[in-house]
Every structure is written in structure tokens, then in C-alpha cells.
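Participant: Just a sequence and a predicted model for now, questions to come.
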Amino acid sequence: MNGNRPGELSLSVIEGKVAEIWKHVLDVPDGMEDATFFDLEGESISAVRLVSRIEDELGVSIDVGDIFEEDPNLEALVRKVAGQAEVSAV
């Protein structure tokens, strides 16, 4: 166990898990880690899959519309998930 309170996630766990989900759902090719959702040909079903997996694996709910905001990239998604999660200092 990580010593965190139940439901609390570290930022590094969030970053790693969201990156893993992003790469899997969008089938991100090597060298394209900084590409936007749209560069990776994301579509509405991809957004639903991202949101669903994030909720299933991290217990954090975000809105599908958040994926389509002004800068839909991995970094922005991590910030959104972290903002909705209980984040520990670890």
C-alpha cells in the first residue's frame, strides 16, 4: 500500500495511468506522445472510452466534453483528472 487515504492518488500515479490509457485508447505511435487528441484522429467514441477507462481504473469522473476543450492533449487531460481527484503529496 502507498499509505494514502482511501481514494487518494499521487500525482505520479495519475500521470502514469492517464498516459497509459491515452496511449492505449488512441493507439499513440512512438514519437507522437505530445500530439493532440485530434492529431491522433480521436473521435467521440475515443473520448467516451478515455473517460470510461479513467473512471474504471482511477475512480475519477470527468465529463466527455472535457476531452474536446481548447487544448485536448495528454497534459491537459492529466491536469483535469488531477483536479477531480484527491491528490496526495506523495
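Facilitator: Sure, I can see it.
Participant: now the strands for the chain?
Facilitator: 8-10, 86-88 (DSSP state E).
Participant: from those strands, which stretch is densest packed?
Facilitator: strand 8-10 (a mean of 18; mean count of other CB atoms under 10 Å). Quick note: C-beta positions are derived from backbone N, CA and C, even for glycine.
Participant: who does it touch, helix- and strand-wise?
Facilitator: Applying 3 or more CB pairs under 8 Å, 6 or more residues apart in numbering; DSSP states H and E, we find strand 8-10 packed against strand 86-88.
Participant: avg pLDDT for the strand it packs on?
Facilitator: Mean pLDDT, strand 86-88: 68.
Participant: how close does the residue nearest the centre of the chain get to residue 75?
Facilitator: A centroid search over the chain (CA atoms, centre = their mean) returns residue 18, at 3.5 Å, as the residue closest to the centre. For residue 18, the distance to residue 75 equals 10 Å [CB to CB, to the nearest Å].
Participant: give me every residue that touches the residue nearest to the centre of the chain.
Facilitator: Each residue near residue 18 by CB atoms under 8 Å, 6 or more residues apart in numbering is listed here: 54, 58, 74, 77-78, 81.
Participant: So which of the residues you listed is the closest to residue 33?
Facilitator: residue 74 (7.0 Å; CB to CB).
Participant: on that earlier part again, leaving out the residues flanking it, which one is nearest to the residue nearest to the centre of the chain?
Facilitator: Leaving out its chain neighbours, the residue that sits closest to residue 18 by CB to CB, 6 or more residues apart in numbering is residue 78, at 4.9 Å.
Participant: Enumerate every residue touching that neighbour.
Facilitator: Per CB under 8 Å, 6+ apart, neighbours of residue 78: 14-15, 18-19.
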